[in-house]
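Enquirer: 3D, please:
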Amino acid sequence: MTPIRILPEEVASQIAAGEVVERPASVVKELLENALDAGAHQINIAIQGAGKNLIEVSDDGAGIDPHDLALAVARHATSKLASVEDLLHIATLGFRGEALASIGSVSRLTITTCQPGAKMGARLVVDGGKALPVESTGAATGTVVKVENLFFNVPARLKFLKQDATERQQITALVTRYALAYPAVRFRLMVEGTQTLQTNGSGDRREVLASLYGLDTARQMLEVIAEEEGISLCGFISPLSITRSNRREITFFINGRWVQDMPLAAALIQAYHTLIMVGRYPLAILFITLAPEEVDVNVHPAKAEVRFRQPDRVFSAVQRSVRRALLAYAPIPHLEQGRSWWSSSQPPGRESDPAWQMAGEQPVAGATPAATQPAQQDPTVTQAGLPATLSGSPATLSGSPATQTGLPGRLPLLRLVGQVGAAYLVAEGPDGLYLIDQHAAHERVLFEQLMGQHDANQVVSQALLQPVTLELKPESASLLAENLPLLNHFGFIVEAFGQSAYLIRSVPALMANIDPRAALQALVEDFEEDEEPLKNEMEARLIARICKRAAVKAGKVLSTAEQTALVEGLETCRSPRTCPHGRPTMIHLSADLLERQFGRRGAR
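Expert: Have a look, this model is predicted:
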């Protein structure tokens, strides 16, 4: 057995750093919180090399006494706590005294600080955990912390970092959240020399929302203000018309501290139950204030989680407050005059039926109706977005040879029977019955059509009569900018239009009947779902995403001609049995199976 020994201080410091400093965004978080604790009114953040080469955070706060500067980088040295009882009354963001020590052990750390009224400041350098003597220097009031060569002495940690784009996105999202939480503080973020975020520190959260999400989204966000049983709650939630495909834009601050709490997120999502589609999530940023003794912030190494003394009371307060705000603002649906269920594109009883319109709801500003689009639309696409009827044409879909029965993987000729549940087509083949998922099937047809256009370098684009403006969060805008060349190749003509806004001039012809703003927003959300967006098989993955958004959805009642066109289009596909994402497009019930089910060939 290896004898037990005490770890060297250097190793212990690096292990502790692994708990606090997981990635460059962790460093930014710790330094931001220190600046806020120091009473800063202005905080500037600059990063280079996605935070690996340089992270610099400067503030105009109270600074550090030169005599305390050497202690500031020692482990467990803090001005926030004096006894164990103080843990029950924490009112600051930092309190353990671990952040600077942990950061200094895995980087070259330089702290320059000056207190208000002082004639001279002080500078301290920590190189890989080794602190040099404190030096006197001239400096402006406040503190500047410079972190260089992060993880230079732990190369294994560098290997676990994501792509630079992902790390930059994490930092931008973090600063964005704190800018919303502290609207009276001016935040400025420089990423690789480019300013990606700036707030004015006016104290108006809706102004910060506008600078981050765009004026249109900020104007629509619903304000939540509630107080019950010692719990104060305020913030903003999205109306029913604004949703996302993931939970990333649900943010909670507890007593000014950003936390990631799944039960809180579940309580908020439950408040939207039956009001938005399954699989869609709201935007929300909520600030919960309660007595410090009611919440334990010392349960996570990076202070990212908290524990409530009475969790059910907090969760119920969130759910009730959000639901109350939604019902107070939500318009009442009414049935348009002159419309019938049978003339609509949705089956009776579906809330997404276009016959149900929200009172006062207006079309998206700048969106061009399909009927007013220019006439250069792809001739293989009908008004419903389905491939034109293929009967009599040997090969209408680009890249898809004419239907040939007997080839491996191909479908035989099918006879359409009808549609079931506004989601499935029923067709008869020579070997039995086929149940076809209309959405998955249409995805496959569009995918092979667009892949054919891509291979021939002839992707058809549809120009909009009027350009449409899309405003994004800073991290989403930078992600879109990185993928613009690829999007342009596939028919999206998109130009930068300000700091975080883009002008959409053209979209792929396959998406001509979709709101262009919603189409591009959905693709950006898909990019955000990937840790390494579009790295492998870039073209095929983007085509699959475009087709997913353009394909007819379940719940759409198709005309007989549209059903026939879809079945014939599927017959021409090289891989007709799955959609581009691997989901089956159909279920085959053989004639032999049907006979057995009906007892014609013995017992089932």
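
Enquirer: quick check: closest non-adjacent residue to residue 101.
Expert: Among residues not flanking residue 101 along the chain, residue 75 sits closest, at 4.4 Å (C-beta to C-beta, 6 or more residues apart in numbering). Where C-beta positions appear, they are placed from N, C-alpha and C, glycine not excepted.

Enquirer: the one you found contacts residue 98, correct?
Expert: Yes: between residue 75 and residue 98 there is a contact at 6.3 Å, judged by C-beta atoms under 8 Å.

Enquirer: between those two, which is the more surrounded one?
Expert: Neighbour totals were compared for residue 75 and residue 98, and residue 98 leads with 24 against 16 (other C-beta atoms under 10 Å).

Enquirer: the more buried one and residue 21, how far apart?
Expert: Remark: distance between residue 98 and residue 21 (C-beta to C-beta, to the nearest Å) = 10 Å.

Enquirer: residue 517: which element?
Expert: Secondary structure from DSSP states H and E places residue 517 in helix 516-529.

Enquirer: quick one: the helices in the stretch 501-604 of the chain, in order.
Expert: For the stretch 501-604 of the chain, helices defined by DSSP state H, counting those that start in this stretch occupy the ranges 516-529, 538-550, 560-571, 591-597.

Enquirer: helices and strands of this structure: which one bottoms out on pLDDT?
Expert: In the chain, the helix or strand scored least confidently by mean pLDDT, DSSP states H and E is strand 356-358, which has a mean of 30.

Enquirer: whatever helix or strand residue 326 lives in: which residues count as buried?
Expert: Assessed by DSSP H and E, residue 326 sits inside helix 311-329. By neighbour count with 16 or more other C-beta atoms under 10 Å, helix 311-329 contains the buried residues 314, 315, 317, 318, 319, 321, 322, 323, 325, 326.

Enquirer: related to what we said a few turns ago, so which of the helices of the stretch 501-604 of the chain is nearest residue 153?
Expert: helix 516-529 (32.2 Å; C-beta to C-beta).

Enquirer: where does the stretch 51-200 of the chain have low pLDDT?
Expert: Within the stretch 51-200 of the chain, the stretches with pLDDT under 70 are 78-92, 94-97.

Enquirer: ends of stretch 215-231, how far apart?
Expert: 30 Å (C-alpha to C-alpha, to the nearest Å).

Enquirer: that stretch: which residues count as buried?
Expert: Applying 16+ other C-beta under 10 Å to stretch 215-231 flags 216, 217, 218, 220, 221, 222, 224, 226, 231 as buried.

Enquirer: before we move on, what about stretch 488-503?
Expert: Under 16+ other C-beta under 10 Å, the buried positions of stretch 488-503 are 490, 491, 492, 493, 494, 500, 502, 503.

Enquirer: what's the closest of the residues you listed to residue 117?
Expert: Looking across those and measuring by C-beta to C-beta, the closest to residue 117 is residue 500, at 39.1 Å.

Enquirer: contacting residues around that closest one?
Expert: Going by C-beta atoms under 8 Å, 6 or more residues apart in numbering, residue 500 touches 196, 212, 214, 471, 472, 473, 474, 476, 477.

Enquirer: so how far is residue 526 from it?
Expert: Going from residue 500 to residue 526 by C-beta to C-beta gives 19 Å.

Enquirer: how about residue 215?
Expert: For residue 215 relative to residue 526 (C-beta to C-beta), the value is 25 Å.

Enquirer: what's the answer for residue 229, then?
Expert: From residue 229 to residue 526 the distance is 41 Å (C-beta to C-beta).

Enquirer: circling back: what about the residue nearest to residue 101, which SS state?
Expert: coil (DSSP: H, G, I helix; E, B strand; the rest coil).
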